[in-house]
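> take this sequence and fold it.
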Amino acid sequence: MTIGITLAPLLSLRIAHDYYDPAAVPIAFEPTPETAAALRRGCCRLRVTQDVAEIYAQMPFGAPPALDPAAPALVTFRLGLRDPDFALVTEPDWGAESARDALSLGPGGLDPQGSLPSARGRTLPVVARRGRVLLEAAVAGGRMALRALGADPADDPAWSAPLPPGKHSHLDLAANEVPEGTYRLEVDDQPLRDLILSDEPPARLYGLVTVPLAGATPVGPRETPRTLTVRFRARAPRWRYVLQSRSAARDLGAAAISAPDPLRFAAPRKAMRNGRTVWLCESAGPIPLALRPAPARRIALTLPAEAGPPPPPRQLPQPGPANTALEQGPNGPEAWSTIYVTV
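Sure, this is the predicted structure:
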């Protein structure tokens with residue numbers, strides 16, 4: 001006898017970003033191998049289309065919606081980076097930027113609306129299963145261990161190994177069988193640091209997202225399952241227009257940049273760039289980047305008249321990732337978008 005199978009929507013994960021158009025965010029959900037295997041064991045199906053990951057509960061046709069007891073309590077997805085420009089246009093709410101760090105978002109980051117804002121994440125170093133963890137201070141002890149963040153302290157650690165005698169400025173891991181995820185490194189039950197354990201190259205792994213599956217209820221095929229959205233803000237750098245004249249004798253000090261409220265630009269100031277005189281017009285504060293700026297956000301340059309009536313205002317281009325870089329400021333690195341305009 002053939003038993004029909006139905007798929008009931010269980011959980012939907014989505015990515016939203018202020019800079020990009022919907023479905024154009026160059027970052028993708030990728031289940032860790034352990035999550036993919038655990039979903040199969042728990043009679044769950046997974047469908048991933050870049051910025052959407054949908055989990056379905058598999059059950060006999062006609063049976064009441066119910067989650068299989070073998071389904072995992074937590075599921076973990078990588079945020080796979082497909083375009084390095086993503087980091088340039090994304091506000092690093094979650095901490096300092098480093099090529100060795102990644103974003104860690106867990107169940108504790110959920111807000112009441114069912115979102116996982118990146119601002120609630122943490123920046124953690126990515127360490128390979130057979131990697132080296134550098135320590136801020138030398139340690140000595142009898143045993144080192146990795147314990148999954150959020151695990152019951154009474155549970156056994158995910159991995160442990162004896163520590164050689166003496167003091168150590170780094171610890172070498174050999175955690176080949178430990179699932180990819182977020183862990184706390186301990187020595188003799190004393191926490192040292194938190195880390196992301198993954199063999200993915202840090203340049204491609206933007207982060208890990210762990211969300212609860214326990215408690216999710218399968219719904220009918222025409223109903224909307226529980227939806228969790230990972231939200232990113234567009235980077236908001238200071239903007240700088242560099243005005244340069246085709247005529248060395250022309251003075252652009254009386255030029256003006258107009259912008260809609262609340263955007264403001266300072267009056268041009270004279271400077272030298274690459275051996276030539278330019279005029280710098282800088283925004284009074286940070287301005288979020290946008291892939292497609294709203295028509296109302298029109299920024300225009302009005303030039304002083306050379307002879308006769310003044311020329312009409314000239315619409316200025318708005319910056320993107322190619323114009324944006326970190327510069328050293330008085331209080332540390334600052335993001336600036338620089339646009340050169342020749343008049």
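
> mind giving me the packing neighbours of the strand or helix carrying residue 243?
Under the criterion of DSSP states H and E, residue 243 resides in strand 238-244. Packed against strand 238-244, as judged by 3 or more CB pairs under 8 Å, 6 or more residues apart in numbering; DSSP states H and E, are the following elements: strand 276-282, strand 332-342. All C-beta atoms are positioned from the backbone trio N, CA, C, and that covers glycine.

> burial of the spatially closest residue to residue 127 that is not a sequence neighbour, as a residue count?
Spatial nearest neighbour of residue 127, excluding adjacent residues (CB to CB, 6 or more residues apart in numbering): residue 195 at 4.9 Å. By other CB atoms under 10 Å, the residues close to residue 195 number 23.

> over to residue 177?
8.

> what are the boundaries of the strands in the stretch 101-250 of the chain?
101-105, 115-117, 122-127, 132-139, 143-148, 159-162, 168-172, 181-187, 190-197, 205-212, 226-232, 238-244 (DSSP state E, counting those that start in this stretch).

> of those, which is nearest residue 52?
Smallest distance to residue 52 across the strands of the stretch 101-250 of the chain (CB to CB): 9.7 Å, for strand 226-232.

> and the angle for that closest one with strand 101-105?
Interaxial angle of strand 226-232 relative to strand 101-105 (axes from the mean of the first three to the mean of the last three CA atoms, to 10 degrees): 150 degrees.

> tell me which residues are up against strand 226-232.
Contact with strand 226-232 is made by 10-19, 25, 79, 90-91, 105, 110, 114-118, 209, 211, 216-217, as judged by CB atoms under 8 Å, 6 or more residues apart in numbering.

> returning to that earlier point: pick the most buried one from the helices and strands packed on strand 238-244.
The highest mean neighbour count among these, using mean count of other CB atoms under 10 Å, belongs to strand 276-282: a mean of 18.

> let me know the average pLDDT across it.
Here strand 276-282 scores 92 as its mean pLDDT.

> coming back round to it: what pairs with the residue nearest to residue 127 across the strands?
residue 183 (DSSP bridges).

> chain center to the helix or strand bottoming out on mean pLDDT in the chain, what's the gap?
Least confident helix or strand of the chain, by mean pLDDT, DSSP states H and E, is strand 115-117 with a mean of 81. Relative to the centre of its chain, strand 115-117 is centred 11 Å away, using CA atoms, centre = their mean, to the nearest Å.

> helices or strands next to it in the packing?
strand 226-232.

> where's residue 154 relative to residue 147, distance?
11 Å (CB to CB, to the nearest Å).

> those two: who's more crowded?
Remark: of residue 154 and residue 147, residue 147 carries more neighbours, 21 against 5, as counted by other CB under 10 Å.

> show me what the more buried one bridges to in the sheet.
Beta bridges link residue 147 to residue 184, judged by DSSP bridges.

> got a list of what it touches?
Contact analysis of residue 147 by CB under 8 Å, 6+ apart lists 153, 155, 157, 158, 183, 184, 186.

> can you pick the most crowded of these?
Highest neighbour count within the contacts of residue 147, by other CB under 10 Å: residue 183, with 26 neighbours.

> I'd guessed that one sits against residue 192; true?
No - contact criterion CB atoms under 8 Å: residue 183 and residue 192 do not qualify, at 10.9 Å.

> which residues touch residue 328?
residue 334.
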